[in-house]
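Asker: Got a predicted structure here, sequence first:
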Amino acid sequence: MSAGIDLTLRFIAEVAGEATAGQVQFAAEYVPSDRVYGNIRQHPQAPHYMREG
């Protein structure tokens, strides 16, 4: 399951840019430990677990 999400986020980043992939990742609350797109960790509404690096 997570491999499909990772692949989809990578595709979005390639087609629409890192910021857009970050917005999708933030909306899905999907934050794997190895790849975070955009600056979602700094978003003021990000939950605590998303802000941790």
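Answerer: Ah, there it is.
Asker: which stretches of this structure form strands?
Answerer: Applying DSSP state E to the chain gives no strands.
Asker: in whichever helix in the chain runs longest, what counts as buried?
Answerer: Scanning the chain for the helix with the most residues, using DSSP state H, yields helix 2-16. Neighbour-count burial for helix 2-16 flags 9, 12-13 (criterion: 16 or more other C-beta atoms under 10 Å). The way it works is simple: take the backbone N, C-alpha and C, and place the C-beta from them, glycine included.
Asker: Now do the residue sitting nearest the centre point of the chain against His48, distance only.
Answerer: Compute the mean C-alpha point of the chain, and by C-alpha atoms, centre = their mean the closest residue is Gln25, 3.1 Å away. For Gln25, the distance to His48 equals 16 Å [C-beta to C-beta, to the nearest Å].
Asker: Helix or strand with the lowest mean pLDDT in the chain?
Answerer: Least confident element among the helices and strands of the chain, by mean pLDDT, DSSP states H and E: helix 48-51 (a mean of 72).
Asker: what about stretch 4-21, average pLDDT?
Answerer: Stretch 4-21 shows a mean pLDDT of 93.
Asker: Settle this for me: Ser2 is touching Asp34, isn't it.
Answerer: No. The pair Ser2 / Asp34 is not scored as a contact, 10.7 Å apart, by C-beta atoms under 8 Å.
Asker: Quick check: chain neighbours aside, which residue is closest to Gly22?
Answerer: Gly38 (1.9 Å; C-beta to C-beta, 6 or more residues apart in numbering).
Asker: Just give me the neighbour total for that neighbour.
Answerer: Here the count is done by other C-beta atoms under 10 Å, and Gly38 has 18 residues near it.
Asker: For it, which residues are in contact?
Answerer: Going by C-beta atoms under 8 Å, 6 or more residues apart in numbering, Gly38 touches 18-23, 25-26.
Asker: Kindly list the main-chain dihedrals of it?
Answerer: phi 60, psi -150 (degrees, to the nearest 10).
Asker: What separation is there between it and Glu14?
Answerer: Counting by C-beta to C-beta - Gly38 and Glu14 are separated by 14 Å.
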